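**Q** Build me a model from this:
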Amino acid sequence: MKKIIAAVSSLTLLSASAFAAAPGDGTVKFTGEIVDAPCAISTDSQYQEVVLGQVAKTVFKAVGDKSPSKEFKIKLEGCDISDKNKVSVSFSGMGDATKPDMLALTNEVGAATGVAISIYDNANKSVVLNTGKSTNTLAAGQTVLYYSANYVATKDAVTTGYGNASVDFNVTYE
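**A** Reported below is the predicted structural model:
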């Protein structure tokens, strides 16, 4: 009888440890896209975060005053330039109420007011939100497109707070 109880106890312990392994299970999610384009957007360029950092309110004394800019890039890989050798990038998002050609800050509790975000191409020319584009020549293999962004005062009165926003970019080939 003691052997049966010991055997049942051992089986119970073994089955409990088998069920205890379940929290170690997981899932691997694969994402991607097959594209018909001269280049593919590098995975490290598809979803970026550009930290504009803390900027003193005193930087914005008048409409048009700008914070220091921060650079970001869009990297294109595997470029085949045999058919198309130009690339254009446009940016789309919610335009600022005062300056719709600039990106509005996210409307969230604690957000700063009186400023928007402007995006510039590698020649430091403003890329107009939702209608403008920046055009560059493609290089075979890899092409890196350089941009920068900064806060710009859109009103004389700027209030402190969060300066967050998001923008989508679209790549077209010519």
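
**Q** check contacts around the most centrally placed residue in the chain.
**A** The centre of the chain sits closest to Gln48, judged by Cα atoms, centre = their mean, with a distance of 3.1 Å. For Gln48, the contacting residues are Phe72, by Cβ atoms under 8 Å, 6 or more residues apart in numbering. Any C-beta I mention is one placed from the backbone N, CA and C, and that applies to glycine too.

**Q** cool, and the one 4 residues further on?
**A** With contacts defined as Cβ under 8 Å, 6+ apart, Leu52 is in contact with Ser67, Lys70, Ile117, Ala149, Asn150, Tyr151, Gly163.

**Q** pLDDT of the longest strand belonging to the chain, averaged?
**A** Ranked by number of residues, the top strand in the chain under DSSP state E is strand 141-153. Regarding strand 141-153, the rounded mean pLDDT is 97.

**Q** Pull out the buried positions in that strand.
**A** Thr143, Leu145, Tyr147, Ser148, Ala149, Asn150, Tyr151, Val152, Ala153 (16 or more other Cβ atoms under 10 Å).

**Q** so what does that strand touch, helix or strand wise?
**A** On a contact count with 3 or more Cβ pairs under 8 Å, 6 or more residues apart in numbering; DSSP states H and E, strand 141-153 meets strand 70-79, strand 86-92, strand 115-120, strand 134-137.

**Q** Run through this protein and note the low-pLDDT ranges.
**A** Counting by pLDDT under 70, the chain contains low-confidence ranges at 1-23.

**Q** One more pass at 50, please.
**A** Applying pLDDT under 50 to the chain picks out residues 1-8, 11.

**Q** for it, what spans make up the helices?
**A** In the chain, the helices defined using DSSP state H lie at 2-20, 43-46.

**Q** if we can go back for a sec, Leu138: which of the contacts of Leu52 is nearest?
**A** Of all the contacts of Leu52, Leu138 sits closest to Ala149, with 23.1 Å by Cβ to Cβ.

**Q** Would you agree that closest one is in contact with Ile117?
**A** Yes. Judged on Cβ atoms under 8 Å, Ala149 makes contact with Ile117 at a distance of 5.5 Å.

**Q** Ala62 versus Asn150, what's the distance?
**A** Going from Asn150 to Ala62 by Cβ to Cβ, to the nearest Å gives 15 Å.

**Q** again, but for Leu105
**A** 19 Å.

**Q** One more: Thr172?
**A** Counting by Cβ to Cβ - Thr172 and Ala62 are separated by 36 Å.

**Q** out of the two, which sits in the more crowded spot?
**A** Thr172 (13 against 9; other Cβ atoms under 10 Å).

**Q** For that one, give me its contacts.
**A** Val87, Ser88, Val89, Ser90, Lys133.

**Q** Need the buried ones from those residues selected in ChimeraX.
**A** ChimeraX command restricting these to the buried ones, with burial defined by 16+ other Cβ under 10 Å:
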select :87,89,90
